[in-house]
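> any chance you could fold what I've pasted below:
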Amino acid sequence: MSEPALHAIGLTRRFGARVAVDTLDLRVEPGDTYGFLGPNGAGKTTAIRCMLGLIRRDAGQVSIFGDAHPVRQRRQVGALVETPAFHDWMTGRANLARSVAFAGQGDAQEIDRSLGLVGLSGRGDDRVGTYSLGMRQRLGIARALVGRPQLLILDEPTNGLDPRGMKEVRDLLKGLAKQDGLTIFLSSHLLSEVELLCNRVGIIEKGKLVAEGTVQELVAGRAEGTEVDLGAVDPTQLTAALVDIEGATSLSLQPNGRTRVRLEGIGIAELNQRLVQAGVAVDALVPVTHTLEETFLRLTSSEIT
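Numbers count the residues shown, from 1 in each chain. Below is the predicted model:
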């Protein structure tokens, strides 16, 4: 089994008495495009800064492809944290050259390659002051790509972009993941974008991971148990039978008269079999699906950033 691309264990960061990141555990596998979600003040950016070594952590450990050494980790990671800062009076190429000189990683050929990957080959010699916000975001991603990292960590990469700009960045990241085999870890407040882009998602609340799984698992509710809506000829008989079925928990009565039930440790087919054995005439058994937004709102208590 391969080492995880990013593995945080017990990651903790305090600011005085406030715990911003609370024993956070998460695991990103090679090839994942992993969405990191959380409400305002949940600790997303603080966690990312701790993972990158930009701020100290009070406890826990972080490994990148199995390596816990912070200097060696930097050679495998490219990052864009919050809004990228550039010198507006310099060209895009000159800004990247300055970053390369500072980091000691990459050369002119590598800069050309990175500009090409983000679609800025034709604008690399223009001053950054003439760039749109979307172009600046792409230049930030280009800077993160210099040095050919295996893992790309992005904090709000589509922040402030219009729909066209968001699609451009989304298509770029999809291409990097599929064609270049990059592992991507990104935070975002745009749930629809995450649903379109990411194969796995982690949701953080008050510094703790409250849910993690594939997008399909979270949307279907399987990360916390499958949910189904049940109907029966005799609803009272159905309610009584559910009490005796371990792993089936009645949640609520739906407007259509069906009973919503959460299943944990028991499958839909087994549930149906148990109800029939109990003499319940089941006339509806419908798996419940959710949007990622519904899942997020159910698991968190605050507004999303």
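
> who does residue 64 form a beta bridge with?
Bridge pairing for residue 64 (DSSP bridges) gives the partners residue 6, residue 67.

> pretty sure it contacts residue 30?
No: using C-beta atoms under 8 Å, residue 64 is not in contact with residue 30, being 10.9 Å away. The way it works is simple: take the backbone N, C-alpha and C, and place the C-beta from them, glycine included.

> shared neighbours of those two, anything?
residue 5 (C-beta atoms under 8 Å, 6 or more residues apart in numbering).

> which one's more surrounded, these two?
residue 64 (27 against 15; other C-beta atoms under 10 Å).

> show me the strands in the chain, by range?
Under the criterion DSSP state E, the chain contains strands at 6-15, 18-28, 33-37, 59-64, 77-80, 151-155, 183-187, 200-205, 208-214, 226-232, 248-253, 259-263, 282-287.

> quickly run through the sheet partners of the longest one, with directions.
Think strand 18-28. strand 6-15 (antiparallel).

> now the partner strand, how far from the chain's geometric center?
Centre-to-centre, strand 6-15 and its host chain are 16 Å apart (C-alpha atoms, centre = their mean, to the nearest Å).

> could you pull up the mean pLDDT of whichever helix in the chain runs longest?
Longest helix in the chain by number of residues, with DSSP state H as the criterion: helix 163-179. With pLDDT averaged residue by residue, helix 163-179 scores 85.

> using PDB, list the CA coordinates for that helix.
The C-alpha trace of helix 163-179 is given here as PDB (Å, rounded to 0.1, in the frame of the first residue of the first chain):
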ATOM      1  CA  PRO A 163     -18.100  32.100 -13.500                       C
ATOM      2  CA  ARG A 164     -15.800  32.000 -16.600                       C
ATOM      3  CA  GLY A 165     -12.700  32.400 -14.400                       C
ATOM      4  CA  MET A 166     -13.900  29.700 -12.100                       C
ATOM      5  CA  LYS A 167     -14.500  27.300 -15.000                       C
ATOM      6  CA  GLU A 168     -11.000  28.100 -16.300                       C
ATOM      7  CA  VAL A 169      -9.400  27.300 -13.000                       C
ATOM      8  CA  ARG A 170     -11.500  24.200 -12.500                       C
ATOM      9  CA  ASP A 171     -10.600  22.900 -16.000                       C
ATOM     10  CA  LEU A 172      -6.900  23.700 -15.300                       C
ATOM     11  CA  LEU A 173      -7.000  21.700 -12.100                       C
ATOM     12  CA  LYS A 174      -8.800  18.800 -13.700                       C
ATOM     13  CA  GLY A 175      -6.100  18.700 -16.400                       C
ATOM     14  CA  LEU A 176      -3.300  18.800 -13.900                       C
ATOM     15  CA  ALA A 177      -4.800  15.900 -11.900                       C
ATOM     16  CA  LYS A 178      -5.600  13.800 -15.000                       C
ATOM     17  CA  GLN A 179      -2.700  14.500 -17.300                       C
END
